[in-house]
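[1] Just a sequence and a predicted model for now, questions to come.
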Amino acid sequence: MKSADNQRFSLAPVFRLSFFLAVVCVVAGAVVLRSARADVAEALWEVGSRVMEFPGAPVERTRQLLMNGVQVSFRTQTVDVPFADVLAHYESNCGTPNATQSARNDHAGYVACLDVGDASNDLGTLARRLLRFSETGDLRDLGDPRYVLARRVASAAKDTTFLLTMWVESAFNLYQMLPRPGADAAGSDLVGVPRLPGSQRILSASEVLGPSGVVVYWVATQSAYEVESFYRTELPENGWTILERNPSESIQVDGTRLLFAEKNNRLVTVLARPGEASPTLLTILASEPS
């Protein structure tokens, strides 16, 4: 049985997952909206290489994602298993319980973990890992981050689950990923998409050798309405065609303003909503329409 001190200390990696989960949620949103014109089919993110493969799942190729200059591996799969059973499998196999987070509803859920291995039972080893992490900023100095999103395929005749697994095989430096005050985070803007003057890039993610990408900005001085107005004007001037049922019709979902545009079989989605750290949080998604 662990001592009280060891139990408290082994919880330390858990709060490190918050940033990892925030990034994953944004990027998962980009993958989901990749099928925006088809009313968003089923999306899935799966964790860990062979350690996190679901038993019996069809073999799919590993793809690479660049997030603020850091490379992350991911894979998508579909299995004929209820999504609740899929999540239960990962909850029981995803590292140590104290470094695992999960949540679900009737249709989808996620499991995220930081596999610290034997360090969870060894106060000295975990302390050395925490010290090394504080010096390097590399999350893998604490453990291996893994994430799985399981989503029920509503259109399937039987219990079918769409999985998205995500894991890291190289350095995952949080110091590099986080934007410095007044400066852009590492990464790049979307090619061919105008940038709002005065915005600060806080996240960029794009699939290596793939069409999907997402960039998130803080906008300090302009409202969501003003941001939408900027792109409603600038996108057509850069060769994009606004996709809308009626001219100048604004689309709002839960306070978020949405604008869709197309150019050369490429789809861009602009989302602007009131932010917490700034007046507006701007997200731009780009992909080839499915």
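    It's in.
[2] what about the helices in the chain?
    Listed in chain order, the helices of the chain (DSSP state H) span 4-10, 12-32, 83-93, 123-136, 174-177, 224-237.
[3] Mind telling me which of those helices the model trusts least?
    Per-stretch mean pLDDT for the helices of the chain is lowest at helix 4-10 (a mean of 34).
[4] Flag the shaky bits of the chain, pLDDT-wise.
    Residue ranges of the chain with pLDDT under 70: 1-59, 95-99, 117-121, 157, 211, 277-278, 289-290.
[5] which stretches of it form strands?
    Under the criterion DSSP state E, the chain carries strands at the ranges 63-67, 70-79, 100-104, 108-115, 144-152, 161-167, 199-207, 213-219, 241-243, 251-253, 256-263, 266-274, 280-287.
[6] Mean neighbour count and distance to residue 185 for those - can I get that in JSON lines?
    C-beta coordinates here come from the backbone N, C-alpha and C atoms, glycine included. Output for those, formatted as JSON lines (neighbours: other C-beta atoms under 10 Å; distance: least, C-beta to C-beta, whole Å):
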{"stretch": "strand 63-67", "mean neighbour count": "18", "distance to residue 185": "9"}
{"stretch": "strand 70-79", "mean neighbour count": "20", "distance to residue 185": "10"}
{"stretch": "strand 100-104", "mean neighbour count": "16", "distance to residue 185": "24"}
{"stretch": "strand 108-115", "mean neighbour count": "24", "distance to residue 185": "21"}
{"stretch": "strand 144-152", "mean neighbour count": "26", "distance to residue 185": "18"}
{"stretch": "strand 161-167", "mean neighbour count": "26", "distance to residue 185": "19"}
{"stretch": "strand 199-207", "mean neighbour count": "21", "distance to residue 185": "5"}
{"stretch": "strand 213-219", "mean neighbour count": "24", "distance to residue 185": "9"}
{"stretch": "strand 241-243", "mean neighbour count": "15", "distance to residue 185": "28"}
{"stretch": "strand 251-253", "mean neighbour count": "12", "distance to residue 185": "26"}
{"stretch": "strand 256-263", "mean neighbour count": "19", "distance to residue 185": "22"}
{"stretch": "strand 266-274", "mean neighbour count": "20", "distance to residue 185": "18"}
{"stretch": "strand 280-287", "mean neighbour count": "23", "distance to residue 185": "14"}
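[7] closest one to residue 126 among these?
    Taking C-beta to C-beta, strand 108-115 is the member of the strands of the chain nearest to residue 126, at 11.4 Å.
[8] Distance from the closest one to the middle of the chain?
    Distance of strand 108-115 from its chain centroid, counting by C-alpha atoms, centre = their mean, to the nearest Å, is 12 Å.
[9] could you check the angle strand 161-167 makes with it?
    Interaxial angle, strand 108-115 versus strand 161-167 (axes from the mean of the first three to the mean of the last three C-alpha atoms, to 10 degrees): 20 degrees.
[10] which helices and strands sit right next to strand 108-115?
    Counting contacts by 3 or more C-beta pairs under 8 Å, 6 or more residues apart in numbering; DSSP states H and E, strand 108-115 packs against helix 12-32, helix 83-93, strand 100-104, strand 144-152.
[11] Residue 151 and residue 106 touch, don't they?
    No. When contacts are counted by C-beta atoms under 8 Å, residue 151 is not listed as touching residue 106 (11.2 Å).
[12] who does residue 113 bridge with?
    Beta-bridge partners of residue 113, counted by DSSP bridges, are residue 100, residue 146.
[13] neighbouring contacts of stretch 266-278?
    If you take C-beta atoms under 8 Å, 6 or more residues apart in numbering as the criterion, stretch 266-278 is touched by 33, 36-37, 190, 192-193, 211, 218-220, 223-225, 227-228, 231, 235, 240, 255-262, 280-289.
[14] which non-adjacent residue is nearest residue 64?
    Counting by C-beta to C-beta, 6 or more residues apart in numbering, the nearest residue to residue 64 once its immediate chain neighbours are dropped is residue 208, at 3.9 Å.
[15] Now do the same contact list for that neighbour.
    Shown in contact with residue 208 (C-beta under 8 Å, 6+ apart): 63-66, 71.
[16] Tell me the spacing between it and residue 147.
    Remark: distance between residue 208 and residue 147 (C-beta to C-beta, to the nearest Å) = 18 Å.
[17] And for residue 258?
    The gap separating residue 258 from residue 147 is 26 Å, by C-beta to C-beta.
[18] For the strands of the chain, please prepare CSV with the additional fields distance to residue 136.
    Output for these, formatted as CSV (distance: least, C-beta to C-beta, whole Å):
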stretch, distance to residue 136
strand 63-67, 18
strand 70-79, 13
strand 100-104, 23
strand 108-115, 15
strand 144-152, 15
strand 161-167, 19
strand 199-207, 21
strand 213-219, 25
strand 241-243, 45
strand 251-253, 40
strand 256-263, 36
strand 266-274, 34
strand 280-287, 29
